[in-house]
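# need a structure here:
(one chain, ligands or ions: 1)
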Amino acid sequence: MNPMQTIYNHAKTVSIFQQLCSRFNSVQGFLSQLEGFALYLLATMGPGQGEVVEIGSYKGLSTCWIAEGLKASNREQVTAVDHFEGSDEHSDEEKKDLLEIFLANISEQGLNDYVIPTKMSSENAVQKWHENGAKPIRLLFIDGDHSYEGVKKDFNLWSELLIESGIVCFHDYQSKGYPGVTRFVDELLVHSSRYGDVMNANALKVIQIINGNHHVD
Ligand SMILES: C[S@@+](CC[C@H](N)C(=O)[O-])C[C@H]1O[C@@H](n2cnc3c(N)ncnc32)[C@H](O)[C@@H]1O
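Coordinates of the predicted model:
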């Protein structure tokens, strides 16, 4: 490619990043801008065809980044699964009015058409997903229960639905306070030849199926 075109493309990417950072600045959440942009890029340009599922939406920050990527590329909607009761690590204040705030944020950002709010536990949502035809998933973002058992359960419940080149993102990998996430992901990468380590963006760990599906016991 022409070097000037390459320079222009890089500058354009940075400009999109800056615009989105300032847009989503008003949405409260637990996600860095780089992590959000990595999700945006995966939503926009990620491989394969299939559904996009998020476990753990909170007030919608990660949902906005993903949905904006889907909108930019005119791709699928994101199914945003959360019981909207908050997690153990959240204060009472942080757990207040989660669903209402989530819906308001998605609406204010003009992303209603790209988000399917799903007020349900991950366990109930996956059961419903199977009842509704078990549509294959191309991108799965796990940011719900951060305990070792919780991350493992979410992964095992949803990963069997991934397409062949399916991508899984885990949030809070190598984050202080969430050793269970790191332990589960490290064990998965060591014990399974089916997943390849794609990248880290701050505390976002991205892995991809390189050899069919896998269940971790
Ligand atoms: C760390 S927050 C998610 C942060 C969000 N992704 C963001 O960008 O700010 C974790 C969320 O997971 C939800 N959650 C925890 N366990 C869950 C479960 N078993 N099923 C569904 N949602 C769950 C909580 O209600 C909480 O909103």
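# report the longest strand in this protein, please.
Using DSSP state E to define each element, the chain has its longest strand at strand 162-171.
# What separation do you get for Ser91 and the ligand?
Separation of Ser91 from the ligand (CB to the nearest ligand atom, to the nearest Å): 12 Å. All C-beta atoms are positioned from the backbone trio N, CA, C, and that covers glycine.
# what number of residues lie near that residue?
Applying other CB atoms under 10 Å, we find 8 residues neighbouring Ser91.
# how about it, secondary structure?
Classification of Ser91 using DSSP: H, G, I helix; E, B strand; the rest coil returns coil.
# What residues are bridge-paired with the most centrally placed residue in the chain?
For the chain, the residue nearest the mean C-alpha position is Phe141 (2.8 Å; CA atoms, centre = their mean). Beta bridges link Phe141 to Glu54, Cys169 when assigned by DSSP bridges.
# so what's the residue of the chain found nearest the ligand up against?
Relative to the ligand, the nearest point of the chain is Gly29 (2.6 Å; CB to the nearest ligand atom). Neighbour list for Gly29: Tyr58, Lys59, Gly60, Leu61, Ser62 [criterion: CB atoms under 8 Å, 6 or more residues apart in numbering].
# Any regions of this structure where pLDDT drops low?
Residues of the chain meeting the criterion pLDDT under 70: 212-217.
# ok so, going back, for the residue nearest to the residue of the chain closest to the ligand when sequence neighbours are not counted, phi and psi?
Using CB to CB, 6 or more residues apart in numbering and skipping residues adjacent in sequence, the residue nearest Gly29 is Leu61, 2.7 Å away. Phi and psi for Leu61, reported as degrees, to the nearest 10, are phi -60, psi -50.
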